[in-house]
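S.K.: here is my input, please return the structure:
(one chain, ligands or ions: 2)
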Amino acid sequence: MSEQQAPVSRRWWKESVVYQIYPRSFQDSNGDGIGDIPGIISRLDYLKDLGVDVVWLSPHYDSPNADNGYDIRDYRKVMAEFGTMADFDALLAGLKTRGMRLIVDLVVNHSSDEHVWFVESRKSKDNSYRDYYIWRPGRGEGPPNDWRSYFSGSAWTLDPATGEYYLHLFADKQPDLNWENDKVRSEVYDLMRFWLDKGVDGFRMDVIPMISKEQTFPDYPPEHRERTEYYHAVGPRLHEFLQEMNREVLSKYDVMTVGEAFGVTPEQTIDIVDERRGELNMIFTFDAVRLCSDGHRYREWTLPELKAIYRRLEENVGPYGWNTVFLANHDNARLVSSFGDDAEPWRVPSAKLLATMLMTLHGTPFIYQGDELAMTNYPFTSIEQYDDIAVRNAWKADVLTGRVAAADFLKGMARTSRDHARTPIQWSAEPNGGFTTAEKAWLAVNPNYGEINAEAALADPGSVYHHYARLAALRRSHPALVYGDFTDLAPHHPQLFAYTRTLGDETLLVLLNFSREPVEIELPAGVAVGERLLGNLATPSEGTRLAGWEARVHRVR
Ligand code: ISL
Ligand code: CA
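M.R.: Ligands and ions are numbered 1, 2, ... in the order given. Okay, the predicted model is just below:
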């Protein structure tokens, strides 16, 4: 499949396993029901023992929390609920002491409307911060164009002070920064240096492909009216801005960058991650996670579709680029509930199978907090149980207007809502899963914490947690799992994902049965099942047979 001629460069961030922390839901230390930095510090050994190399921290900055920190009020201050700058420094030091690294979230497509820049900007048309944001007069009685917010409604809000509209691709409390303005870009570069000079090891960049806007502000072209992310991503000056950012800031440090590239296609990926171009190291594309959710509705996905996405990513990135591997984050439902089988007794084996896939595909794996425990979707039944602004706004826009029936809306959200991933980590069988000593956590803990929790997982050598740790160790000792070529052996098989990873004279074989039904594999000539390196069942099957949800990694003979 991929006969690569050019030698692929070796980089620490290609060899790393990344773990995402959503601080609000990780561990509360002071009994206010909200996760915080001292809470994270108390769990560093848990992360180290899991095999984590890099922690990605979702936003830890001062914020009014319209979107849980993705609306930043002060880029140089730590969110008071999470702790102090001294706590942040202690976290960084604690990670470094254990040989781990830290990347932070860079949210600079937009800020909070409470950021001093916006407070000034909205005051008058001649304010010196006016052009930090995107202001336009209306068109007739309405907004400047038909652009829509990802959190429902128009992407424009009329501000009475000046009678103009400002652009916000997300909530009205998240005004988009105007990247056309040189001063905005240099402010962003300054704040990046602030965190890099403290010693952070890079950034995950929130919706970064959307920073460059088409300056004529046209209505959506007809082909982009449905999936508007494909319109807003990769604007006219995106590559120029990223190259400037790299030149001015990133190239001066040994750091990693991963862009959240909502709306970027696999074909567009290489232009952002080609190492010869000097933009970003990696991006997250969303074809795989979006397989099972179409807006707020759950979609039945098939394994051949998933395999086709990985092949397409592989074919498009080539020897000068690099991929990420992930199927979950704080914006999607739980990994095992969406891509595995969360009904017992399949939950644990299917979660281990997904772990095996994430850690052996070609790219840097990202583990979302709680997936190492095979945490499941929350049994949401009513609108009051949701916290997420995306859900609450959509309820108002779709259900309260009669466009969508309440029952249909709730049925969709019960499979797709972002809040599934945001319920607190279940540390033990104590009240609230040991997440907090408060009576109530900020978002309800999944009632299954009695069986599914970290304490139980640590005590059980057959747990999903220990399986991840073994996979991390395997990846470390087999460079083929990092740098090796990827070949899909059975692209059209409906239940089996079988592939090899080859580097030099080592070939490893990964066998994954994505179903409850046992399967017998036919391997191509020249590929014979050799020594078993790892499996997910206490009693593994032999040879070319796989039990339901069985996963194994072998050498090839
Ligand atoms: O999760 C989504 C819809 O429910 C996506 O549209 C998501 O908003 C998109 O992937 C961008 O996500 C990022 O930026 C948002 C923030 O809410 C997300 O948490 C963040 O990951 C705005 O900052
Ligand atoms: Ca707290």
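
S.K.: show me the strands in the stretch 201-350 of the chain, by range?
M.R.: 202-205, 256-260, 282-284, 293-294, 297-298, 324-325 (DSSP state E, counting those that start in this stretch).

S.K.: quick one: closest of those to M413.
M.R.: Among the strands of the stretch 201-350 of the chain, the nearest to M413 by CB to CB is strand 297-298 (9.3 Å). Where you see a C-beta, it was placed from the backbone N, CA and C, and this is true even at glycine.

S.K.: how close does the nearest residue to P379 once chain neighbours are set aside sit to ligand 1?
M.R.: Leaving aside its sequence neighbours, P379 sits nearest to P447 (CB to CB, 6 or more residues apart in numbering; 7.1 Å). Look at P447 and ligand 1: by CB to the nearest ligand atom, to the nearest Å, they are 24 Å apart.

S.K.: contacts only, for S58.
M.R.: S58 sits next to 20-24, 68-69, 105, 330 when contact means CB atoms under 8 Å, 6 or more residues apart in numbering.

S.K.: turn the residues you listed into TSV, including distance to S428, pLDDT and neighbour count.
M.R.: As requested, the contacts of S58 are arranged in TSV below (distance: CB to CB, whole Å; pLDDT from 0 to 100; neighbours: other CB atoms under 10 Å):
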residue	distance to S428	pLDDT	neighbour count
Q20	22	99	24
I21	18	99	26
Y22	19	98	22
P23	19	98	24
R24	19	98	26
N68	24	98	22
G69	26	98	25
D105	28	98	20
H330	22	98	20
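
S.K.: nearest to ligand 1 among those residues?
M.R.: If you rank these by distance to ligand 1 using CB to the nearest ligand atom, H330 comes first, at 5.8 Å.

S.K.: which bits of the stretch 1-150 of the chain sit near ligand 1?
M.R.: Residues of the stretch 1-150 of the chain found near ligand 1 (CB under 6 Å from any ligand atom) are 67, 70, 107, 150.

S.K.: angles on the backbone of the second one, please.
M.R.: In this entry, Y70 is assigned phi and psi values of phi -80, psi 20 (degrees, to the nearest 10).

S.K.: isn't it right next to Y61, touching?
M.R.: No. Using CB atoms under 8 Å, Y70 makes no contact with Y61, being 9.7 Å away.

S.K.: in strands only, show me the contacts of S58.
M.R.: 20-21, 105 (DSSP state E).

S.K.: what's the neighbour count on the residue in the stretch 51-200 of the chain that ligand 2 sits nearest to?
M.R.: Closest contact between the stretch 51-200 of the chain and ligand 2, by CB to the ion, is at E81 (6.3 Å). By the measure other CB atoms under 10 Å, the count of residues near E81 is 20.

S.K.: contact partners for it?
M.R.: Applying CB under 8 Å, 6+ apart, one finds that E81 lies in contact with 24, 32, 34, 36.

S.K.: and what of S541?
M.R.: 518, 547, 550, 552.

S.K.: same thing but 7 Å
M.R.: For S541, the contacting residues are 547, 550, by CB atoms under 7 Å, 6 or more residues apart in numbering.

S.K.: H362: how many residues sit nearby?
M.R.: H362 has 21 nearby residues by other CB under 10 Å.

S.K.: again but with H492, I slipped
M.R.: 10.

S.K.: pretty sure it is touching L303, no?
M.R.: No. Between H492 and L303 there is no contact under CB atoms under 7 Å: 9.4 Å.

S.K.: neighbouring strands - and their directions - for the worst-scoring helix or strand of the chain on mean pLDDT?
M.R.: Every helix and strand of the chain was ranked by mean pLDDT, DSSP states H and E. The lowest is strand 293-294, at a mean of 86. Strand 293-294 pairs in its sheet with strand 297-298 (antiparallel), by DSSP bridges.
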